[in-house]
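Peer 1: Build the 3D model from these lines:
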Amino acid sequence: MMMWMRLLMVGMFSLTAISLISYQGYEIFHAFVDYFNQNKK
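Peer 2: The predicted structure is shown next:
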């Protein structure tokens, strides 16, 4: 039973970590695109 609880905790943690990291990457990518678009004008 303890093993399942630990597995669930780790799964939830990695899910939130992955979603946070991908969200950050998406934001950074958009910032870069905006920056380059400003420089072209």
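
Peer 1: Around residue 16, how many other residues sit close by?
Peer 2: Using other Cβ atoms under 10 Å, residue 16 has 10 other residues around it. No exception for glycine: its C-beta is placed from N, CA and C like everyone else's.

Peer 1: The helix or strand harbouring it packs against which elements?
Peer 2: Using DSSP states H and E, residue 16 sits within helix 2-40. Under the contact criterion of 3 or more Cβ pairs under 8 Å, 6 or more residues apart in numbering; DSSP states H and E, helix 2-40 touches no helix or strand at all.

Peer 1: for the record, mean pLDDT for that helix?
Peer 2: Averaging pLDDT along helix 2-40 yields 94.

Peer 1: How far off centre is that helix?
Peer 2: Mean-position distance between helix 2-40 and its chain equals 0 Å (Cα atoms, centre = their mean, to the nearest Å).

Peer 1: And stretch 23-41, by the same measure?
Peer 2: 16 Å.

Peer 1: Let's see it as CSV, backbone CA atoms only.
Peer 2: C-alpha atoms of stretch 23-41 as CSV (Å, rounded to 0.1, in the frame of the first residue of the first chain):
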residue,chain,number,x,y,z
TYR,A,23,4.3,26.4,-19.9
GLN,A,24,7.5,28.3,-19.1
GLY,A,25,9.0,27.2,-22.4
TYR,A,26,5.9,28.3,-24.3
GLU,A,27,6.0,31.7,-22.7
ILE,A,28,9.8,32.1,-23.4
PHE,A,29,9.2,31.1,-27.0
HIS,A,30,6.5,33.7,-27.4
ALA,A,31,8.7,36.4,-25.9
PHE,A,32,11.5,35.5,-28.4
VAL,A,33,9.0,35.7,-31.3
ASP,A,34,7.7,39.1,-30.2
TYR,A,35,11.3,40.4,-29.7
PHE,A,36,12.4,39.3,-33.2
ASN,A,37,9.2,40.7,-34.7
GLN,A,38,9.9,44.1,-33.1
ASN,A,39,13.4,44.1,-34.5
LYS,A,40,12.3,43.5,-38.1
LYS,A,41,10.2,46.7,-38.2
